[in-house]
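Trainee: need a structure here:
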Amino acid sequence: MSETVELAVVGAGPCGLGVGVAARQAGLRCVIFDKGPITSAIGMYPTHMTFFSTAERLELGGVPFITAADKPTRRDALKYYRRIVDVFELDVHQYEAVTEICGERGAFRLRTRRKDGDVAEYAARNVVVATGYLDTPRLMGVPGEELPKVFHYYKEGYAYTGEDCLVVGAGNSAVDVALDLFRWGARVTLVHFADVLDPGVKPWILPDITNRIKSGEIAVRWRSRVAEIRPRTVVLRSEATGEREELPNDWVFAMTGYVPEPTLLRQLGVSIDPATGIPCHDRETMETDVPGVFIAGVVAAGYDANKIFIENGREHGPRIVRTIQSR
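Mentor: From the prediction side, this is the model:
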């Protein structure tokens, strides 16, 4: 690219697209890169997932998000955000990973690698990192976690009928997975280090999982952790007594959450709090402590991904663009 764009955005999730929409509305030249397809993280959600939020809270740029039901599904969202790209004619480079960023405000250089292996370079006055976190699951760090029967993502349960399945965690994702596996006829055990379900479990799902556990249809091991994963079994360790228990097991679904991948931010010299994982930034402008480098979306929440969702992350784009325009 011979010209210097005003904004280069890394990440084509909803919050990255939100930056592109705000830039388009302000008349600023913006290019968006993603190592995968548009909204690849939503594509990784369970096939039949329904969003917690209503459709209007997921909208970008005033474009109506129309759904048949009260709450949009994964498929609805995938279609909607592709429509956003078309409506605003966003310049999105799919399957083009940003491998390196250097320079300073007004003169950043981005090096990318395309899906065919070709390398390209781009120039931008400002950079926005909106890389999300779903690419890097939080590992349990136990022997056997690398076995092919262990998953940190979940699609649907039809393949696990009659199988022994362990679900690790007790938040929304773990509860959804446990219930779906149960309905597909799997033998499900839930394991959690605390003695209750997470307080943020969706209120319309809570009675269902509570009743399944109470009836014994879904087994549970409270105050326990996975100690080892073996080809045909899994070993649990009690937090209270240290006692170990070995259970028959075919599949492990570790719904232990995800962590941000701050490589590009560190490369640019952005300070990151070692305790929280939050990049140093101004919440009003979303600019980091490196001038011209901004963040958008869940990367701004560090290790606590439950603080930022599409609903509030979509506000980051307008803040960033207003800051750039003011200069």
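
Trainee: and the longest strand for the chain?
Mentor: The single longest strand within the chain, with elements called by DSSP state E, is strand 119-129.

Trainee: which parts of stretch 46-60 are buried?
Mentor: Of all the residues in stretch 46-60, those buried under the rule 16 or more other C-beta atoms under 10 Å are 46, 49-51, 55, 57-60. In short, each C-beta sits where N, CA and C put it, glycine included.

Trainee: nope, stretch 290-298 is what I was after
Mentor: 290, 292-298.

Trainee: likewise stretch 82-100?
Mentor: By neighbour count on 16+ other C-beta under 10 Å, the buried set for stretch 82-100 is 84-85, 88, 90-94, 96, 98.

Trainee: Dump that stretch to CSV, restricted to CA.
Mentor: Taking Å, rounded to 0.1, in the frame of the first residue of the first chain, the C-alpha atoms of stretch 82-100 are listed here in CSV:
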residue,chain,number,x,y,z
ARG,A,82,-21.2,-9.4,7.6
ARG,A,83,-24.0,-7.1,6.7
ILE,A,84,-22.3,-4.3,8.6
VAL,A,85,-19.1,-4.8,6.5
ASP,A,86,-21.2,-4.5,3.3
VAL,A,87,-23.3,-1.6,4.4
PHE,A,88,-20.3,0.6,5.4
GLU,A,89,-18.0,-0.9,2.7
LEU,A,90,-15.4,-1.6,5.3
ASP,A,91,-11.9,-2.5,4.0
VAL,A,92,-11.4,-5.8,5.8
HIS,A,93,-8.4,-8.0,5.0
GLN,A,94,-9.5,-11.5,6.0
TYR,A,95,-6.9,-14.2,6.6
GLU,A,96,-4.1,-11.7,6.8
ALA,A,97,-2.3,-11.9,10.1
VAL,A,98,-0.4,-8.8,11.5
THR,A,99,2.9,-10.2,12.6
GLU,A,100,4.8,-7.0,13.4
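
Trainee: Touching that stretch from outside, list them.
Mentor: For stretch 82-100, contacts defined as C-beta atoms under 8 Å, 6 or more residues apart in numbering pick out 10, 12, 17, 20-21, 24-25, 30-39, 60-61, 63, 110-115, 120, 264, 267.

Trainee: Among the buried residues of stretch 290-298, which lie within helices?
Mentor: If you go by DSSP state H, those have nothing in helices.

Trainee: Farthest-apart pair in those, please.
Mentor: Using C-beta to C-beta, the two most remote members of those are 292 and 298, lying 21.4 Å apart.
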